[in-house]
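Participant: here's my sequence, what's the structure:
(one chain, ligands or ions: 1)
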Amino acid sequence: MSVYQATASAPVNIACIKYWGKRDTKLILPTNSSLSVTLDQDHLRSTTTSRADPSFKTDRLWLNGKEEEIKDVGRLSTCIKEMKRLRREVEDKNPNEPKLSTYGVHIASKNNFPTAAGLASSASGFAALVSSLAALYKLPATPSELSLISRQGSGSACRSLFGGYVAWEMGSASDGSDSLAIEVAPQSHWPDIHALICVVSDDKKGTSSTSGMQRTVETSPLLQHRIKHVVPERMEAIKKAILARDFDSFARITMQDSNQFHAVCLDTDPPIFYMNDVSRTIIAIITEYNRVSVENGGKLKAAYTYDAGPNAVIYAPKENLKEIISLIIKYFPQADAFKDPFNLFGAQGVGS
Ligand code: DP6
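Facilitator: Residues are numbered from 1 along each chain as shown. Here you go, the predicted structure:
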């Protein structure tokens, strides 16, 4: 008897131009394009194994060993249904293929980073799920085509199908067929950029991205300005900076966009606060660090960015990392928890 099983993994990504707002909540179509860097480290990934078997009566899913309900009209079931639809196309073209689309599928997914690290796991999680089903079903789909489906699991998940520098183009079609991820440049194009993740707090966030961004869409006038007048130009400018390996521009845009995203959260009614005093102190440290460099005729040396939580991600060329870590430890002595400061394209806790 044949066993139909496949495993795939996908990494976490951290946005430089933030996705915040949906124009279609069911299809997960964003109000603006976004751009991220995929973290290239083995210990920041979700790994998912899928198995199809005629004896499986229903689809089931285990997350970190615990079974999760697959709700009928939920995001998980949408992704699984879409993948089975693509499998049916393969079966229709090749009648000899086993009818896996008619079998139940069992899916086991795990993150190799603690949920307590405060990192969003939905991006890597849905990207790994879609990749493992694509392998199981032997789909001839490209990463961009698969991103159309992982997007419907969690918007940011569409960007985790590529490594390196990735754009999620918002698209304009009402069916979402052109709202997909594309590679701007592979990691090998600019491997010198590292990400230092400062875990400020591992508390679960107060307002989820999904509900927070919806409230912003409904109430924030600043979001409308951002969508129309800010993001389109920023997307072009940051792509140019990446292609030219221009860290100064990359850093400036990344920090500006993080700041505007949090301003838009504050402009939401009622307001949403994701950063705390430690987050703001890290902003001050990096700002001062950059100011000294620029005053001495140099360029920006680091860029902070914050998602829907207080944890800082600092992007910097590798040569600056040691200095940045020393600075942070100077202000937060309890943060002296680094094990391997040169292995930082990923998470390192700096305590709270
Ligand atoms: C602040 O992708 O988690 O991290 O589509 O509702 O699942 P849903 O939201 P999600 O939002 C991510 C928001 C962000 C910015 C970003 O990653 O671009």
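Participant: what residues does the chain put near the ligand?
Facilitator: 15, 18-20, 28, 34, 120, 122, 154-156, 209-210, 307-308 (C-beta under 6 Å from any ligand atom). Every residue, glycine included, has its C-beta placed from N, CA and C.
Participant: hmm, 5 Å instead?
Facilitator: Within the chain, the residues that sit near the ligand (C-beta under 5 Å from any ligand atom) are Ala15, Lys18, Tyr19, Ser34, Ser154, Gly155, Ser156, Ser209, Thr210, Asp307, Ala308.
Participant: verify the stated contact: Val166 with Asn13.
Facilitator: Yes: under the criterion of C-beta atoms under 8 Å, Val166 makes contact with Asn13 at 6.6 Å.
Participant: what do the two both touch?
Facilitator: Ser36, Val37, Thr38, Arg159 (C-beta atoms under 8 Å, 6 or more residues apart in numbering).
Participant: those into TSV, with extra columns for distance to Ile283, neighbour count and secondary structure?
Facilitator: Conversion of the shared contacts of Val166 and Asn13 to TSV gives the following (distance: C-beta to C-beta, whole Å; neighbours: other C-beta atoms under 10 Å; DSSP: H, G, I helix; E, B strand; the rest coil):
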residue	distance to Ile283	neighbour count	secondary structure
Ser36	20	27	strand
Val37	19	28	strand
Thr38	24	27	strand
Arg159	24	29	helix
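Participant: which one of those residues is nearest Met255?
Facilitator: Among these, Val37 lies closest to Met255 (C-beta to C-beta), at 14.1 Å.
Participant: any idea what the closest one is bridged to?
Facilitator: For Val37, the beta-bridge partners under DSSP bridges are Ile14, Tyr165.
Participant: next one, pLDDT for it please.
Facilitator: The model reports Val37 with a pLDDT of 97.
Participant: ok, Ser2 next?
Facilitator: You'll see Ser2 listed with a pLDDT of 88.
Participant: does whichever strand or helix holds Glu236 pack against any helices or strands, and if so which?
Facilitator: Glu236 belongs to helix 231-243 when assigned by DSSP states H and E. Applying 3 or more C-beta pairs under 8 Å, 6 or more residues apart in numbering; DSSP states H and E, we find helix 231-243 packed against strand 13-17, strand 34-38, strand 165-169, strand 180-185, helix 247-266.
Participant: and the next helix or strand past the second one?
Facilitator: In other words, strand 34-38. By DSSP H and E, the next helix or strand past strand 34-38 is strand 45-53.
Participant: show me what contacts Asp175?
Facilitator: Leu27.
Participant: please name the nearest non-neighbouring residue to Glu145.
Facilitator: Using C-beta to C-beta, 6 or more residues apart in numbering and skipping the chain neighbours, the partner closest in space to Glu145 is Leu180 (7.5 Å).
Participant: mind listing the residues bridging to the one you found?
Facilitator: Per DSSP bridges, the residues bridged to Leu180 are Glu169.
Participant: can you show me the strands along the stretch 51-200 of the chain?
Facilitator: Secondary structure of the stretch 51-200 of the chain by DSSP state E, counting those that start in this stretch: the strands cover 60-63, 66-68, 104-111, 165-169, 180-185, 193-198.
Participant: will you turn these into JSON lines that also has mean pLDDT?
Facilitator: What follows is the strands of the stretch 51-200 of the chain, written out as JSON lines (pLDDT from 0 to 100):
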{"stretch": "strand 60-63", "mean pLDDT": "96"}
{"stretch": "strand 66-68", "mean pLDDT": "94"}
{"stretch": "strand 104-111", "mean pLDDT": "96"}
{"stretch": "strand 165-169", "mean pLDDT": "98"}
{"stretch": "strand 180-185", "mean pLDDT": "98"}
{"stretch": "strand 193-198", "mean pLDDT": "92"}
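Participant: got a pLDDT number for Thr339?
Facilitator: For the record, residue 339 is Lys, not Thr. At Lys339, pLDDT is 39.
Participant: cool, the one 5 residues further on as well?
Facilitator: Among the per-residue scores, Leu344 holds a pLDDT of 33.
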